[in-house]
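Engineer: Requesting a structural model of the entry that follows:
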Amino acid sequence: MSEPAALQWSIDNCTVQRALQVLGDRWSFVVLREVFNGIRRFADLRTRTAIPRQVLTDRLALLVAEGLLRRQPYQEAGQRVREEYRLTQKGLDLYPVLVALNAWGTRYYADPEGSPLEFRHRGRGDDECGAEVSVVLRCAHGHELDDDLTQVRPAPGPGARRR
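Structural biologist: All right, here's what the predicted structure looks like:
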């Protein structure tokens, strides 16, 4: 039996592995989900997610250090200056991943009533579309892939290195 072609290539510089070093723990995407939903303050994040204080502190620090979130000072009347967390462009670029993860979770893990979270098209200006948003796989030539994902094959990219 011949060796799978993938074994000919090194995974030392794998971008999936590198991304999971930032996002692959139990809490990082939960924090990002909440910031995408407009929950930006530490106390609100704690209340909404029940993430232990030190774990939340660590995850927020990691997401800031990795450039997915930035700290934004705010101050309520009579209070000290505090910080809330805002998405950077790098963080916003994860929106399709969040939409895809939610769709997968809805398909396999939702309660019988369905998912507690949907993504809807806001539109621009007065153009409130309201339709549900989904992620579509499309090749560079514009072909949309249907549910038969065997049409996709991994191939060595420009950064691939032989073992």
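
Engineer: all contacts plus neighbour counts: C-alpha atoms, from now on.
Structural biologist: Fine.

Engineer: how much distance is there from stretch 67-75 to the middle of the chain?
Structural biologist: Distance of stretch 67-75 from the chain centroid (CA atoms, centre = their mean, to the nearest Å) equals 18 Å.

Engineer: again with stretch 103-117
Structural biologist: Worked out by CA atoms, centre = their mean, stretch 103-117 lies 17 Å from the chain centre.

Engineer: before we move on, what about stretch 6-24?
Structural biologist: That offset, for stretch 6-24, works out to 17 Å (CA atoms, centre = their mean).

Engineer: Pull out the buried residues from that stretch.
Structural biologist: Leu23 (16 or more other CA atoms under 10 Å).

Engineer: Quick one: end-to-end length of it, please.
Structural biologist: 23 Å (CA to CA, to the nearest Å).

Engineer: got a list of contacts for it?
Structural biologist: Defining contact as CA atoms under 8 Å, 6 or more residues apart in numbering, one finds that stretch 6-24 is touched by Ser28, Phe29, Leu62, Leu63, Glu66, Pro156, Gly159, Ala160, Arg161, Arg162, Arg163.

Engineer: go on, stretch 113-125?
Structural biologist: Residues beyond stretch 113-125 that count as contacts (CA under 8 Å, 6+ apart) turn out to be Val99, Asn102, Thr106, Glu128, Cys129, Gly130, Ala131, Glu132, Val133, Ser134.

Engineer: List the buried residues in the strand or helix carrying Ala43.
Structural biologist: Following DSSP states H and E, one finds Ala43 within helix 42-49. Neighbour-count burial for helix 42-49, counted by 16+ other CA under 10 Å, picks out Phe42, Leu45, Arg46.

Engineer: What lies in contact with it?
Structural biologist: Val30, Val31, Glu34, Ile39, Ile51, Pro52, Arg53, Leu56, Glu84.

Engineer: residue ranges of the strands in the chain, please?
Structural biologist: 69-74, 82-87 (DSSP state E).

Engineer: shaky segments in this protein?
Structural biologist: By pLDDT under 70, the chain has no low-scoring segment.

Engineer: redo that, cut-off 90
Structural biologist: Judged by pLDDT under 90, the chain has its weakly predicted residues at 1-12, 122-128, 145-151, 153-157, 159-163.

Engineer: Check which residues of the helix ranked longest in it are buried.
Structural biologist: In terms of residue count, the longest helix belonging to the chain (DSSP state H) is helix 95-109. Buried residues in helix 95-109, counted by 16+ other CA under 10 Å: Leu98, Val99, Ala100, Asn102, Ala103, Thr106.
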